[in-house]
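[1] I need the structure of the sequence given here:
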Amino acid sequence: MASALLVTLVAAVAVLGWGVEAQCPAPADLRPANGTRVCAQLYADDSPYYDQCCSGDVLVVLPDSDVPYMPRGWSDRASSLVVGTKCELTVWSRRAKKGNSRRFNAGAVPRLQEVRRGLFGNWNNAIRGYYCICK
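    Residues are numbered from 1 along each chain as shown. So this is what the prediction gives:
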């Protein structure tokens, strides 16, 4: 009986993804080949599977970036993000830094659809402007 319960628990953990880390880069790894610092990276694709998040096209955000309007092709497209060590990314849900805002500290957010935005929404495909600083 105890072994059947253990097998069921292990299967539930595998199905629900508890304890499974996304394939997003670590905040300390956000450095291009030339060694300059990167404040954050936004990713166009996510997945219901955490190990397949942080994929697709990548928007590299440099320190001290103040972007009230997303670059061409990126408005309402970010599904995952990683913020670099000692950095902070603030995002807005409307152009010109209007609407809801959210601050992300260093770390990975593999599925922005799991981050609440207001009463009924989430941040998946909702970023329309950002500001990123590093200390």
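
[2] tell me which element the residue nearest to Leu59 when sequence neighbours are not counted is part of?
    Closest residue in space to Leu59, ignoring its immediate chain neighbours: Leu42 at 4.3 Å, by Cβ to Cβ, 6 or more residues apart in numbering. For every residue, glycine as well, the C-beta is placed using N, CA and C. When secondary structure is defined by DSSP states H and E, Leu42 falls within strand 40-45.

[3] direction included, what does that strand pair up with?
    Taking DSSP bridges as the criterion, strand 40-45 forms sheet pairs with strand 55-61 (antiparallel), strand 80-94 (antiparallel).

[4] need the winner for burial among these.
    Looking across these with neighbours counted as mean count of other Cβ atoms under 10 Å, the highest average goes to strand 80-94: a mean of 22.

[5] all helices of the chain, in order?
    Ranges of helices within the chain are 2-16, based on DSSP state H.

[6] pLDDT below threshold where in this structure?
    Within the chain, the ranges that satisfy pLDDT under 70 run 1-22.

[7] before we move on, the earlier item: to Cys134, which of the strands paired with strand 40-45 lies closest?
    In terms of Cβ to Cβ, the element of the strands paired with strand 40-45 nearest to Cys134 is strand 80-94, at 4.1 Å.

[8] what sits against the spatially most central residue of the chain?
    Nearest to the geometric centre of the chain sits Leu81, at 2.2 Å (Cα atoms, centre = their mean). Shown here is Leu81, whose contacts under the criterion Cβ atoms under 8 Å, 6 or more residues apart in numbering are Ala40, Gln41, Leu42, Tyr43, Leu89, Phe104, Ala108, Val109, Leu112.
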